[in-house]
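Student: Next comes the sequence, and after it the predicted model I'd like to discuss.
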Amino acid sequence: MKRLSAPSRSHRGLALILSGAILLQWMLGGLFPSSVAGFVPDRQEQGGSIFLPLVMANYVPPEGRLCRFGVGATTNIADYRVNDLRIGWYTDWGSALKPARPGGIEYLQMVRLAQTGPTTYASSPSASALPAMIAANPGALWVIGNEPDRRAWQDSLEPQVYAIAYHDLYGQIKNADPSSRIVAGSIVQPTPLRLQYLDLVLSSYRARFGVDMPVDVWNIHAFILNEQSCELRCPLPGREKCSGAGIPPGMSDCTGKTYTIEQHDDLAIFKQFIVDFRRWMADNNYQDRPLIITEFGVLMPPDYGTPPFGPPRVNAFMNATFDYLSTAVGPSGYGSDKGRLVQAWAWYSLSDNTSYNGWLFDPVTKARTALGNNFAAYTASVTPRINLTPVKLWTEPAAITGSGQAAGTALAAQVANNGNIAMATSTTVRFYSGDPNVGGVQIGTDQILWPLDGCANTGTARVTWTGATPGTVTVWAVVDPNNTLFESDEADNRLSAQITVGQ
């Protein structure tokens with residue numbers, strides 16, 4: 001498994017110790033792999049987009065990379081023909097100064113953690129090594145910790161220690177690169193026990209630092225695993241199946257949710273995980289944040305289950321989860337993504353055949369497996385789409401002239417691309433006083449909106465309104481007013497808001 005001292009790219013350390021009774025326990029409960037996530041960073045501000053170079057070998061144009069689909073790579077991703085999968089991002093549960101990005105795909109940076117005392121921790125990379133990585137990867141997505149709720153096998157931090165580590169690293173990364181996006185380390189699975197662990201993290205953060213924990217993106221893992229304690233104080237039966245998700249550190253429960261082998265690919269349970277976590281986000285005032293699933297799939301070996309967890313069964317689960325994640329919306333969904341529950345997801349894994357199931361490529365021959373063929377066939381059928389939607393319209397402090405007078409009313413509009421690919425070209429945003437369809441008057445000039453990545457990444461356009469008449473007025477923002485872009489929904493390019501213009 002991934003250890004703090006060696007953020008390696010495989011799970012072979014675990015494979016070497018899985019034998020005898022331990023292997024049997026894993027079969028029954030499902031040892032959890034070292035994991036993560038990825039999502040395309042929100043890099044766009046007026047005039048400030050960041051682009052990957054177009055001279056990369058095997059570069060894939062943005063319209064060929066689906067931002068919602070990713071993979072977990074336990075070996076060097078550059079050794080595989082991943083462009084045929086049309087993935088938009090990947091993770092390898094570590095960090096890199098110059099990560100491999102075949103075809104221009106995105107790389108998820110991660111800081112690994114380990115608890116060293118009741119309120120202390122160590123990190124990899126260290127605080128002294130982080131500045132160079134941050135500087136070399138502006139606008140990156142940074143995950144703070146991997147499965148902090150998983151005892152021993154992963155980062156294993158008690159809630160109050162994770163809160164401290166998250167606070168420290170959030171501040172260091174944001175201060176060095178305000179365009180970065182910080183992700184709370186993924187829990188093993190969003191069961192009631194794991195949500196209670198996160199409740200303790202949030203309350204610890206609030207008690208220690210006096211504010212709510214700032215999170216740009218939430219992420220989870222979504223395997224279906226037993227929650228049984230291995231501690232001798234806990235009774236049998238139950239303890240013999242303690243090698244699943246286990247009990248989070250800092251919690252004294254003996255049992256959480258338990259599942260049978262046959263439930264490991266239960267689609268109803270998987271769906272409920274997503275709904276429950278989105279509801280938890282809304283209950284804690286994080287509904288307006290993206291959610292990514294950084295690891296899910298099938299871990300049970302191919303010869304287990306009835307029918308066995310061979311390619312037909314695993315591919316059926318893959319297709320069903322892809323269908324659900326691509327379409328699931330709900331009242332707790334992300335508004336900038338038209339109410340979708342999940343913005344991006346990563347299948348486990350690219351090539352880890354040491355102990356688990358689900359690998360897309362043979363790590364020796366580098367050839368695609370039956371599962372990889374199914375993945376490629378699925379994404380080949382996905383229609384690439386962009387869709388621009390103004391999601392917020394507001395006023396900002398007006399510019400002040402040299403004489404101390406307001407130079408005008410400053411308007412701003414946040415625009416999201418909730419399609420599944422990046423924009424290939426820029427477009428315009430136009431502001432109006434009054435409905436433009438019934439005589440509204442344009443405010444200022446057309447503003448350029450630089451290309452946005454998909455998956456509800458956002459950018460902001462601004463204009464100064466001079467000569468506005470004081471009072472309450474309805475203003476409008478219209479994206480792509482000349483219909484120069486082909487979008488999946490042309491009806492949601494307008495947004496209005498009432499504002500008050502002062503003296």
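Tutor: Happy to help now that I have it.

Student: Please identify which helix or strand holds the residue nearest to the spatial centre of the chain.
Tutor: By C-alpha atoms, centre = their mean, the mean C-alpha position of the chain lies nearest to residue 292, the distance being 3.1 Å. Of the helices and strands defined by DSSP states H and E, residue 292 is found in strand 291-297.

Student: Partner strands of that strand and their direction?
Tutor: Strand 291-297 has its sheet partners listed here by DSSP bridges as strand 217-221 (parallel), strand 344-348 (parallel).

Student: Let's have the ones you listed in JSON lines, adding distance to residue 480.
Tutor: Where you see a C-beta, it was placed from the backbone N, CA and C, and this is true even at glycine. Compiled in JSON lines, these are given as follows (distance: least, C-beta to C-beta, whole Å):
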{"stretch": "strand 217-221", "distance to residue 480": "27"}
{"stretch": "strand 344-348", "distance to residue 480": "24"}
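
Student: Go through those and name the closest to residue 474.
Tutor: strand 217-221 (32.9 Å; C-beta to C-beta).

Student: you'd agree residue 145 is up against residue 166?
Tutor: Yes - using C-beta atoms under 8 Å, residue 145 makes contact with residue 166 at a distance of 7.4 Å.

Student: Overlap of the contact sets of the two?
Tutor: Residues touching both residue 145 and residue 166 (C-beta atoms under 8 Å, 6 or more residues apart in numbering) are residue 185.

Student: How far does stretch 252-263 sit from its chain's centre?
Tutor: Remark: stretch 252-263 is offset 26 Å from the chain centroid, using C-alpha atoms, centre = their mean, to the nearest Å.

Student: Do you have the helices of the stretch 51-200 of the chain handy? List them.
Tutor: Using DSSP state H, counting those that start in this stretch, the helices found in the stretch 51-200 of the chain span residues 130-136, 159-176, 192-209.

Student: buried stuff in stretch 265-285?
Tutor: Using 16 or more other C-beta atoms under 10 Å as the burial criterion, the residues of stretch 265-285 that qualify are 265, 269-271, 273-281, 284.

Student: would you turn the helices of the stretch 51-200 of the chain into TSV with mean neighbour count?
Tutor: TSV is the format used below for the helices of the stretch 51-200 of the chain (neighbours: other C-beta atoms under 10 Å):
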stretch	mean neighbour count
helix 130-136	15
helix 159-176	20
helix 192-209	18
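
Student: Save the ones you listed as TSV, and put in distance to residue 67 and mean pLDDT too.
Tutor: Converted to TSV, these look like this (distance: least, C-beta to C-beta, whole Å; pLDDT from 0 to 100):
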stretch	distance to residue 67	mean pLDDT
helix 130-136	22	97
helix 159-176	22	98
helix 192-209	26	98
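
Student: will you turn those helices into JSON lines that also has distance to residue 386?
Tutor: Compiled in JSON lines, the helices of the stretch 51-200 of the chain are given as follows (distance: least, C-beta to C-beta, whole Å):
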{"stretch": "helix 130-136", "distance to residue 386": "29"}
{"stretch": "helix 159-176", "distance to residue 386": "29"}
{"stretch": "helix 192-209", "distance to residue 386": "34"}
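
Student: Which of those sits closest to residue 430?
Tutor: helix 159-176 (32.6 Å).

Student: so which of the strands paired with strand 291-297 gets nearest residue 64?
Tutor: The closest of the strands paired with strand 291-297 to residue 64 is strand 344-348. By C-beta to C-beta, the value is 16.4 Å.

Student: Any idea how far that closest one is from the middle of the chain?
Tutor: 9 Å.

Student: Following it in sequence, what is the next regular element?
Tutor: Downstream of strand 344-348, the next assigned helix or strand under DSSP H and E is helix 370-380.

Student: Strand 344-348 and that next one, what's the angle between them?
Tutor: 160 degrees (axes from the mean of the first three to the mean of the last three C-alpha atoms, to 10 degrees).

Student: other SSEs contacting whichever helix or strand comes after helix 370-380?
Tutor: Per DSSP H and E, the first helix or strand lying C-terminal to helix 370-380 is strand 388-396. Packing partners of strand 388-396 (3 or more C-beta pairs under 8 Å, 6 or more residues apart in numbering; DSSP states H and E): strand 409-417, strand 471-479, strand 494-501.

Student: the inter-axis angle of strand 388-396 versus strand 494-501?
Tutor: In terms of direction (the same axes, to 10 degrees), strand 388-396 departs from strand 494-501 by 0 degrees.

Student: Direction included, what does strand 388-396 pair up with?
Tutor: Strand 388-396 has its sheet partners listed here by DSSP bridges as strand 409-417 (antiparallel).

Student: mind saving the C-alpha coords of the partner strand as PDB?
Tutor: Only the C-alpha atoms of strand 409-417 are listed here, as PDB (Å, rounded to 0.1, in the frame of the first residue of the first chain):
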ATOM      1  CA  THR A 409     -20.900  50.400 -11.100                       C
ATOM      2  CA  ALA A 410     -18.800  47.300 -11.600                       C
ATOM      3  CA  LEU A 411     -20.700  44.200 -12.700                       C
ATOM      4  CA  ALA A 412     -19.400  40.600 -12.700                       C
ATOM      5  CA  ALA A 413     -20.800  37.400 -14.100                       C
ATOM      6  CA  GLN A 414     -19.600  33.900 -13.300                       C
ATOM      7  CA  VAL A 415     -19.900  31.500 -16.200                       C
ATOM      8  CA  ALA A 416     -19.700  27.700 -16.100                       C
ATOM      9  CA  ASN A 417     -18.900  25.200 -18.800                       C
END
